[in-house]
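Peer 1: next input, structure requested:
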Amino acid sequence: FWIDRGGTFTDIVARKPDGSLVTHKLLSENPERYADAAIQGIRELLDVPAGEKIPGEKIEAVKMGTTVATNALLERKGDRTALVTTKGFRDSLRLAYQNRPRLFDRNIKLPEMLYESVIEADGRFDAQGEELTALDRDALRTELQAVYDDGIRACAIVFMHGYRYTAHENAAAQIARDIGFTQVSVSHQVSPLMKLVSRGDTTVVDAYLSPILRRYVDQVASELGGVKLMFMQSNGGLTDAAKFQGKDAILSGPAGGVVGMVRTAEMDGFKQVIGFDMGGTSTDVALIENGEALVRRETTVGDITVRASALDVRSIGAGGGSIAHVPELTKALRVGPESAGAQPGPAAYDKGGSEPTVTDANVVLGYLPQHQKLGGDMNIRRDLAEQAVQKVADAMGLGLHQAAEGIVKIINERMFGAVRLVSVEKG
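Peer 2: Below you'll find the model as predicted:
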């Protein structure tokens, strides 16, 4: 089974023993019907009723790309995390590089940090590896215990020059594990490179996301028994489920698409390709040059930058579920980046959604025919789509079809901007 679990839909391709391929599609979240879309899809393709064990002996391997980590990062739904750093540097990751991306905003909203508490460890190496201050283990143990008692189970350990002189980081990690922290991310293992801020950011992301990934991987693995389970990493390579880490999972979903695109183009002899993947929540764009995907050393998702190899995929918050709205102040139509996701989804899905989305506009304009069943089993309700889009039409004093056309034009322009970003704007 090859599975792509997106923010809105989960797609599955399965190869039968005779070599024939079958495809399947279902909503990523549908709590009334199933707990996990990937497992449900495997059940449906193998005709295993709910409640019965999946026959692991019938499955050779499951290979999966997932947006679980990306969405947790964007929606800030990772685990509660503590940062352990060198005394005097507690604010280094907050100060970071002093970037000011929005100079003229009058009300600056600082990005929320992923860690919720900071412990300063008294211990220091200089840049040449000489120990200036021995690590105060007793004080560190006391502070870590207090954080643990507060319910935090993930910690990121980032010391000055720790990428090269690792003794203090290793000692702190051992103390944290002895206390009972279930996730301990250590900077010289996660990102063994100089520069405190980028090394620190990457380590914090790893500590913040790994527990969520671990729970998801364990949930899937427990249903599958001993089946070989592999996950796609941001760099386009597959890894064993047990070695799947937070920092390598951020572009797990889009990376599979890029790898597939490279192979498909190769089969037809194309070497210069622009890849475009419009999903329910986001649109991903990538450039293939001379038959190879470009690789970045750093990945940025929202306002977080992670130093880990990743395929150069640009994601923008524009997809089928992007919500259209007309702000009271400007009266100008805006589309996205907020998405209706899989729950409640676009109004036309008849799952309780009432906000006008791009999908609803496409239904109103007839681009998505209402008699077609989505994914083979979902009806489209044109009347509900029209009710939703009518809100935009009323707010702007336009007709229904004009409003729908406006939504589609704006989202197309935003997606075209992403294509420009990876191609002509790079020369």
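Peer 1: helix, strand, or coil at residue 336?
Peer 2: strand (DSSP: H, G, I helix; E, B strand; the rest coil).
Peer 1: just residue 62 next, same as before
Peer 2: strand.
Peer 1: do residue 198 as well
Peer 2: helix.
Peer 1: what's the burial count for it?
Peer 2: For residue 198, the neighbour count with other C-beta atoms under 10 Å is 19. For the C-beta atoms, the positions are set from N, CA and C on the backbone; glycine is no exception.
Peer 1: quick one: it and residue 191 touch, right?
Peer 2: Yes. Counting by C-beta atoms under 8 Å, residue 191 is a contact partner of residue 198 at 7.3 Å.
Peer 1: what touches both of those two?
Peer 2: Common neighbours of residue 198 and residue 191, using C-beta atoms under 8 Å, 6 or more residues apart in numbering, are residue 307.
Peer 1: against residue 18, how distant is the residue nearest the centre of the chain?
Peer 2: Nearest to the mean C-alpha position of the chain, by C-alpha atoms, centre = their mean, lies residue 70 at 1.1 Å. Distance, residue 70 to residue 18, using C-beta to C-beta, to the nearest Å: 36 Å.
Peer 1: buried residues in stretch 85-100, which are they?
Peer 2: Neighbour-count burial for stretch 85-100 flags 85-87, 89, 92-93 (criterion: 16 or more other C-beta atoms under 10 Å).
Peer 1: likewise stretch 352-362?
Peer 2: For stretch 352-362, a neighbour-count test (16+ other C-beta under 10 Å) marks 353, 355-362 as buried.
Peer 1: stretch 392-408 now?
Peer 2: Buried, per 16+ other C-beta under 10 Å, within stretch 392-408: 392-393, 395, 400, 403-404, 406-408.
Peer 1: swap in stretch 229-248?
Peer 2: 229-236, 238-239, 241, 244-248.
Peer 1: give the rounded mean pLDDT of it.
Peer 2: What stretch 229-248 shows for mean pLDDT is 93.
Peer 1: contact partners of that stretch?
Peer 2: Taking C-beta under 8 Å, 6+ apart as the rule, stretch 229-248 contacts 61-66, 69, 185, 190-191, 202, 205-210, 212-213, 217, 220-221, 249-253, 255-256, 258-259, 293, 295, 299, 306, 308-311.
Peer 1: residue boundaries of the strands in the stretch 51-200 of the chain?
Peer 2: Here the stretch 51-200 of the chain has its strands, by DSSP state E, counting those that start in this stretch, at 61-66, 81-86, 117-121, 124-125, 131-133, 154-158, 183-186.
Peer 1: relative to residue 279, which of the ones you listed is closest?
Peer 2: Nearest to residue 279 among the strands of the stretch 51-200 of the chain is strand 61-66 (11.9 Å), distances taken as C-beta to C-beta.
Peer 1: pairing partners for that closest one, with directions?
Peer 2: With DSSP bridges as the test, strand 61-66 is paired with strand 2-5 (parallel), strand 228-232 (parallel).
Peer 1: okay, these in JSON lines with distance to residue 127 next?
Peer 2: Converted to JSON lines, the strands paired with strand 61-66 look like this (distance: least, C-beta to C-beta, whole Å):
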{"stretch": "strand 2-5", "distance to residue 127": "44"}
{"stretch": "strand 228-232", "distance to residue 127": "37"}
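Peer 1: residue 141 contacts residue 177, correct?
Peer 2: No. Residue 141 is not in contact with residue 177 according to C-beta under 8 Å; the separation is 11.7 Å.
Peer 1: between the two, which is the more surrounded one?
Peer 2: Regarding residue 141 and residue 177, a neighbour count based on other C-beta under 10 Å identifies residue 141 as having more, with 15 against 12.
Peer 1: give me the neighbour count for the residue lying closest to the more buried one once chain neighbours are set aside.
Peer 2: Leaving out its chain neighbours, the residue that sits closest to residue 141 by C-beta to C-beta, 6 or more residues apart in numbering is residue 175, at 5.2 Å. Residues within reach of residue 175, counting by other C-beta under 10 Å, total 23.
Peer 1: could you work out the end-to-end span of stretch 287-307 for me?
Peer 2: Using C-alpha to C-alpha, to the nearest Å, the end-to-end distance of stretch 287-307 comes to 21 Å.
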